[in-house]
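> from the sequence below, what's the structure:
(chains A and B)
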Amino acid sequence: MTAIALTQILLNGLALGAAYALIALGFVIVLNAAGAVNFAQGELVMAGGFVSIALAPLIAEATALPGLLLLPLVMGLMGLIGAGFAWIAYFPVRKRHQVAVFVSTIAAGLVLQHLANAVFGAAPRAGPPLISGNGVTVGALSISLQQIAVMICAAVLISGTGLFLGRTQTGRQMRAVAQDPEMAAAIGIRPKRMITLSFALAIALAGAAGLLLSNQFFVSPNDGGLFMLKAYIAVTIGGWGRLDGAVIGALLIGIFETLVAALTSYLVAEALLYALLLIMLVFRPSGLLPERARARV
Amino acid sequence: MSAPLLSFRNVSVQRGRAMAVRDLTLDVEPGEIVALIGLNGAGKSSLLRAAMGLEALMVGDILFRDQSLNGVGTPDRARRGIGYCPEGRRLFPGMSVSDTLHAAMQAPSGQRLARIEELTDLFPLLGTILDRESWSLSGGQQQVVAIVRALMQRPEILLLDEPSLGLAPVICQELFPAIRRLADEGAAVLLAEQSTATALAVADRIAVLHRGTLVLTEAVATLSHDRLKTILLSEGEQR
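Sure, this is the predicted structure:
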């Protein structure tokens, strides 16, 4: 493999990993805020893809930035869906056995899957590109504008999420609730409001990932499970409960998948990824960046 | 005497299967430090948790500024002026001290910064640890942060649960005068404390709890130490 080919694969992998990072980030935000795995996170990515397709006609075809203009709209709508999701699939069952939340989110995911099937059909559909145009060529290296836009969008959203959680008063209060909801309430923070906001943010990010992935990789109602597994693997590799770990894990998965698929096939890449997950669970269950003594950031 | 700031009226609290507090009536006045004394399991922490809305009352009522707290959630009790510093500190380990303190005050940024400065005057140690993450602090530093966190909202009453637990005596010597100063400035303090000597040194009044029942309330100034010793000794023997 030449250096050019390797660079090309790395860029493709980074673009894919960047979109996975948004899914994994949302997964960890809900995990920390609610103390439970949202098994519908993958279906919500799929829903984001279909919402983009449904809203695409609102943006004139002539525009050079169809997906970029749609992105805030899709994220806003998915954020509202996220807030509703918290009140339908999480709050009513959160004080019961933890399995109840698992089952509830799985059920919500299935509802979304069947709804997408009924409205859009089972066939894969392509979402709008973030940006129109072919791409840039540097020597023998060619990068599509879509890939560049995916990487830039994901980087902006990831940094924005980091800044929001780290530097704003609402972000601090969301982190306090994620670490100790009872104590957060005792200093005047309203945990339900913060958990609702966490779901809204996480699902807005899932929606953004859906839009980012839907043009190059298409979207179909059955894609949710795959996205969910990618988020789970990213979080396991990066470190359970760590936002930075989830992003690193997702980028590594994107690069790994693209590289192995180029050398062998996509199926082998998938199989090896799951083997890697098993190895991580056995030999380093805390991930690459272990959580510091309940330090949920 | 002014109206009580916090009143427990025939309060009973159940924790798990056990009755943690039984038919307890107690008032706390503004500017007063009331120390709850009793052995482990006497019901001190349960009483403070009930005042904060973290334990449900089986019977009775708790009044704050003459208004029932029945149906008032924990965040609203904090916003109305009840500060709570729990046993074991329970800081947010992954957050810096500065972020923890900012999160604990519902006010614009300028007011939050001014409040942190004010509290740094009361606890000078705070100024040196603002950028540290809570998990990396020593026990004494954590206790100071936990108290300051409870004070950020300018509470009218501070519920302090076992602040001296696990702290070196030298840290306690700095901590309790600061608590006294808070009361002198008008805040009430309800202090749960296992160390009788510490409680007597700082409190205006003591309330002795035994297996959830209030067995003695008396001003420290008029307290017969022999009587207190008799009660505490008989408590120990009964266990």
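
> in terms of contact, does residue B:167 touch residue B:144 like I think?
No: in this structure, residue B:167 is not within contact of residue B:144 by CB atoms under 8 Å, at 9.9 Å. C-beta: built from backbone N, CA, C; applies to glycine.

> can you list the residues of chain B near chain A?
Residues of chain B that fall close to chain A, judged by CB under 8 Å from any CB of the partner chain: B:52, B:54, B:73-75, B:78-79, B:84, B:86, B:90, B:92-95, B:99-100, B:102-106, B:109, B:133, B:135, B:149-150, B:152-153.

> ok, back up a step: more neighbours: residue B:167 and residue B:144, which one.
Just comparing residue B:167 and residue B:144: by other CB atoms under 10 Å in any protein chain shown the higher neighbour count belongs to residue B:144, 27 against 19.

> list the buried residues of the helix or strand encompassing that one.
Using DSSP states H and E, residue B:144 maps to helix B:139-151. Going by neighbour count (16 or more other CB atoms under 10 Å in any protein chain shown), the buried part of helix B:139-151 is B:140-151.

> ditto for stretch B:28-37
B:28-37.

> adding pLDDT and secondary structure, write those out as CSV.
Listed next are those as CSV, based on pLDDT from 0 to 100; DSSP: H, G, I helix; E, B strand; the rest coil:
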residue, pLDDT, secondary structure
B:28, 97, strand
B:29, 95, coil
B:30, 94, coil
B:31, 93, coil
B:32, 95, coil
B:33, 96, strand
B:34, 97, strand
B:35, 96, strand
B:36, 96, strand
B:37, 93, strand
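
> quick one: common contacting residues for residue B:167 and residue B:144?
residue B:175 (CB atoms under 8 Å, 6 or more residues apart in numbering or on different chains).

> for chain B, which segments count as strands?
Along chain B, the stretches classed as strands by DSSP state E are B:6-15, B:18-28, B:33-37, B:57-64, B:67-68, B:82-85, B:157-161, B:188-193, B:205-210, B:213-219.

> residue A:196 and residue A:63: what is the separation?
Here the criterion is CB to CB, to the nearest Å. By it, residue A:196 lies 34 Å from residue A:63.

> ok, the two, which is more surrounded?
The neighbour count for residue A:196 versus residue A:63, taken as other CB under 10 Å, is higher for residue A:196 (20 against 14).

> how about whatever residue of the stretch 1-150 of chain A ends up closest to chain B: what's its closest non-neighbour residue?
Closest contact between the stretch 1-150 of chain A and chain B, by CB to the nearest CB, is at residue A:32 (9.4 Å). Distances taken as CB to CB, 6 or more residues apart in numbering or on different chains place residue A:178 nearest to residue A:32, at 3.9 Å, with adjacent residues excluded.

> isn't there a helix covering the one you found?
Yes: counting by DSSP: H, G, I helix; E, B strand; the rest coil, residue A:178 is part of a helix.

> give me the pLDDT for it.
We have a pLDDT of 93 for residue A:178.

> ok, the one 3 residues further on next?
With respect to pLDDT, residue A:181 scores 95.

> mind checking the backbone torsions on it?
Main-chain dihedrals, residue A:181, degrees, to the nearest 10: phi -60, psi -40.

> contacting residues for the closest residue in space to it that isn't next to it in sequence?
In this structure, residue A:181 finds its nearest non-sequential neighbour in residue A:191, 4.3 Å apart by CB to CB, 6+ apart. By CB under 8 Å, 6+ apart, the contact set of residue A:191 is A:177, A:181, A:184-185, B:75.

> what about the closest residue to residue B:201 other than its chain neighbours, neighbour count?
Closest residue to residue B:201 apart from its sequence neighbours, by CB to CB, 6+ apart: residue B:176 at 6.7 Å. By other CB under 10 Å, the residues close to residue B:176 number 20.

> what about whichever residue of chain B sits closest to chain A, distance to residue B:109?
Proximity of chain B to chain A (CB to the nearest CB) peaks at residue B:94, 3.2 Å away. For residue B:94, the distance to residue B:109 equals 22 Å [CB to CB].

> more neighbours: those two, which one.
residue B:94 (23 against 11).

> what sits against residue A:234?
By CB under 8 Å, 6+ apart, the contact list for residue A:234 reads A:20-21, A:23-24, A:27, A:246, A:249-250, A:252-253.

> alpha carbons only: can I get the helix or strand where it lies in PDB?
Using DSSP H and E, residue A:234 falls within helix A:224-238. Output of helix A:224-238 as PDB, limited to C-alpha atoms (Å, rounded to 0.1, in the frame of the first residue of the first chain):
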ATOM      1  CA  GLY A 224     -30.100   1.500  14.100                       C
ATOM      2  CA  GLY A 225     -28.700  -1.600  15.700                       C
ATOM      3  CA  LEU A 226     -25.400  -1.100  13.800                       C
ATOM      4  CA  PHE A 227     -25.000   2.500  14.900                       C
ATOM      5  CA  MET A 228     -25.800   1.500  18.500                       C
ATOM      6  CA  LEU A 229     -23.100  -1.200  18.400                       C
ATOM      7  CA  LYS A 230     -20.500   1.300  17.000                       C
ATOM      8  CA  ALA A 231     -21.300   3.700  19.900                       C
ATOM      9  CA  TYR A 232     -21.100   0.900  22.400                       C
ATOM     10  CA  ILE A 233     -17.700  -0.300  21.100                       C
ATOM     11  CA  ALA A 234     -16.400   3.300  21.000                       C
ATOM     12  CA  VAL A 235     -17.400   3.900  24.600                       C
ATOM     13  CA  THR A 236     -15.900   0.500  25.700                       C
ATOM     14  CA  ILE A 237     -12.600   1.300  23.900                       C
ATOM     15  CA  GLY A 238     -12.400   4.900  25.000                       C
END
